[in-house]
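J.: Output the structure for:
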Amino acid sequence: MTDRTRDLIAPNPMASYGVDIGVYNVGAQGQILASTTTAWARATEGTFSFDGIRYSGSCEDGTFSESSERTWSCGRCITRLADRISADIKAGFSVSLGFEAPMWFPIRWEQCANLRLFKPRCDDEKENQWYLQAGAAATVKAISIGAMLLRLLASKQPGIKLTTNPTSAAPQTIVLYEAFVVGKDKFKIPPPEGATQAGNEWDAFTASLAWAAINWGFQVPPGLHPKELHTAGSAPDEFFDELCAIASVWQIVASLVYGSGPCRVEGPLDCQVVGLAPL
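T.: Numbers count the residues shown, from 1 in each chain. Model (predicted):
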């Protein structure tokens, strides 16, 4: 555990949530394929191995479990996700919430001269840039799903705080981040044999575990590396000027729920980006 991780560990129970946005693909007849849906997972502890993990339950309320009796909740119902997060907040948990979609991007980067706006935000994003088809579609979907989720949470837990600063984890506060779960053999860990039927939930779980490993010291299996692709607040200086040169998708989502007025998301506009990758 690094000194930085030790400093970030919350003093109370912790629940890290990941949401696999799941860009919809369509079949030959234009139908939406069921394998590309939205799913979520909740991690309150890590694990030493993925091999023995099994999936059980339903799309509404599922579970990943292993022989040592560790369990992690998951599902595909946004209402159930809101219920889970609300219950954790009420119980005094520190809560994090990440979407597997580009949740911030530059909007003024010498684009008038040479369109340099359209480049990766970090080295690991190359070939999976935020503005390409999959990334752009995921962001649009994340805005609608995020607004629905925050609206449900606001009705259940009035007064909750939102922040993009990982060090601000505290009761009644949700730390918002971006999960990077793309690229075969890069940041997309295949599900174990006992969980192949829950691929979307599995992507959400690995995202939640990556964030918790980096910020709260959760254990990950040997051979895997939780990586911080981008540190919140570390965007190049050229991103920042008086015209606000970063678009925060989390801010857009919050404004749809809380309306215009005072900033509803504390912390930097460029939220933390994390992923779980093989060593």
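
J.: For the rest of this, base every contact and every neighbour count on C-alpha atoms.
T.: Noted.

J.: measure residue 183 to residue 212 for me?
T.: 21 Å (Cα to Cα, to the nearest Å).

J.: quick one, which of those two is more surrounded?
T.: residue 212 (28 against 14; other Cα atoms under 10 Å).

J.: give the contact list for that one.
T.: If you count contacts by Cα atoms under 8 Å, 6 or more residues apart in numbering, residue 212 has them with 16, 43, 218.

J.: Redo the residues you listed as JSON lines? Include neighbour count.
T.: What follows is these, written out as JSON lines (neighbours: other Cα atoms under 10 Å):
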{"residue": "16", "neighbour count": "27"}
{"residue": "43", "neighbour count": "27"}
{"residue": "218", "neighbour count": "21"}
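
J.: wait, which of the residues you listed is closest to residue 120?
T.: Nearest to residue 120 out of the contacts of residue 212 is residue 16 (Cα to Cα; 26.6 Å).

J.: Would you double-check that the closest one falls in a strand?
T.: Yes: assessed by DSSP: H, G, I helix; E, B strand; the rest coil, residue 16 belongs to a strand.

J.: Distance from the chain centre to stretch 81-96, please.
T.: Relative to the centre of its chain, stretch 81-96 is centred 16 Å away, using Cα atoms, centre = their mean, to the nearest Å.

J.: Check which residues of that stretch are buried.
T.: 81-86, 88-89, 93-96 (16 or more other Cα atoms under 10 Å).

J.: So which residues make contact with that stretch?
T.: For stretch 81-96, using Cα under 8 Å, 6+ apart, the contacting residues are 10, 12-17, 40, 75, 149, 152-153, 156-157, 169-177.

J.: Inside helices: which ones of those residues?
T.: Counting by DSSP state H, the part of those found in helices is 149, 152-153, 156.

J.: Let me know the closest of these to residue 245.
T.: The closest of the ones in helices among the contacts of stretch 81-96, once distances to residue 245 are taken by Cα to Cα, is residue 149, at 26.7 Å.

J.: what about that closest one, distance to residue 226?
T.: 26 Å.

J.: and if you look at residue 144?
T.: To residue 226, residue 144 is 28 Å away according to Cα to Cα.

J.: Quick one: the helices in the stretch 1-150 of the chain, in order.
T.: 3-8, 78-90, 111-114, 133-156 (DSSP state H, counting those that start in this stretch).

J.: out of residue 149 and residue 226, which sits in the busier spot?
T.: Shown here are residue 149 and residue 226; by other Cα under 10 Å, residue 226 has more neighbours (24 against 20).

J.: quick check: mean pLDDT across the strand or helix carrying the more buried one?
T.: Per DSSP states H and E, residue 226 falls inside strand 224-230. The pLDDT scores in strand 224-230 average 96.

J.: So what touches that strand?
T.: By Cα under 8 Å, 6+ apart, strand 224-230 touches 122, 124, 210-211, 213-214, 220, 271-279.

J.: can you do 10 Å?
T.: Residues outside strand 224-230 that contact it (Cα atoms under 10 Å, 6 or more residues apart in numbering): 121-125, 178-180, 187, 189, 206-207, 209-215, 218-220, 270-279.

J.: where's residue 270 relative to residue 247, distance?
T.: In terms of Cα to Cα, residue 270 sits 8 Å off from residue 247.

J.: what is in contact with the two at once?
T.: 103-106.

J.: got a pLDDT number for the most centrally placed residue in the chain?
T.: Among the residues of the chain, the one closest to the centroid is residue 98, at 2.0 Å (Cα atoms, centre = their mean). On pLDDT, residue 98 comes in at 98.

J.: partners of it in the sheet?
T.: Bridge pairing for residue 98 (DSSP bridges) gives the partners residue 18, residue 177.

J.: so it makes contact with residue 15?
T.: No: using Cα atoms under 10 Å, residue 98 makes no contact with residue 15, being 11.6 Å away.
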